[in-house]
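Colleague: Here is a sequence with its predicted model. Questions after.
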Amino acid sequence: MEKHSVAADIKSILHEQIDLIDNIYNLQKAMYQGVLDRDWQESEKNLSSLNDASVKFSHLDKKLYGLLQADENDSHEIDFYAQTKQFAPADKKQIDSLYEKLKERVFYSKIENDVFSNYVSHAQALVNGVVNIISEERNGKCYTAKGKRVNTEITSLVLNEVL
């Protein structure tokens, strides 16, 4: 395949990936906001869209690295910048710039993902703490609404308060 054609294909894929990672980032923020607003249907919709976008991104990544040649010493590792040296200086500059832009956007997406993961972990710890306090206060005794004693293991908890 002609080097100029490969360079054009790589640029096209990088543009698609940048657009896709921007969409992923926006979906992550929307999902986080949906969780904060307790809009579970919207969060589920965003999660489904995120999964679809992630599959597309992975497909584009495989397509991109399929155009590049693996390192002779390690067939699993590809030095992107070493690979772009084969292209004309103008193409190399554009490709490297797009790749840097993509890496930056992926980094922002990772930060957003970490923020959301930390929020979920904190919320889980808070709920576990509340459940532990409640179960300790009832001294292992649990009763139905009609006063009949039931299994002491908590399998679910209904709160009439918003945490």
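Modeller: Arrived safely, thanks for sending.
Colleague: Distance check, the spatially most central residue of the chain against Gln28.
Modeller: Nearest to the centroid of the C-alpha atoms of the chain, with distances taken as CA atoms, centre = their mean, sits Asn113, at 5.3 Å. Asn113 is 6 Å from Gln28, where distance means CB to CB, to the nearest Å. (Glycine included, C-beta is placed from N, CA and C.)
Colleague: and what of Ala82?
Modeller: Distance from Ala82 to Gln28, counting by CB to CB: 32 Å.
Colleague: Which of these two has more residues huddled nearby?
Modeller: Shown here are Ala82 and Gln28; by other CB atoms under 10 Å, Gln28 has more neighbours (22 against 11).
Colleague: Tell me, how many residues neighbour the closest residue to that one other than its chain neighbours?
Modeller: Of all residues not flanking Gln28 in the chain, Glu112 sits nearest, at 4.5 Å (CB to CB, 6 or more residues apart in numbering). Using other CB under 10 Å, the number of residues around Glu112 comes to 18.
Colleague: which SSE is Glu112 in?
Modeller: In this assignment (DSSP states H and E), Glu112 forms part of helix 89-137.
Colleague: State the mean pLDDT of that helix.
Modeller: Mean per-residue pLDDT for helix 89-137: 89.
Colleague: How about stretch 25-36?
Modeller: For stretch 25-36, the mean per-residue pLDDT is 93.
Colleague: Fine by me, thanks again.
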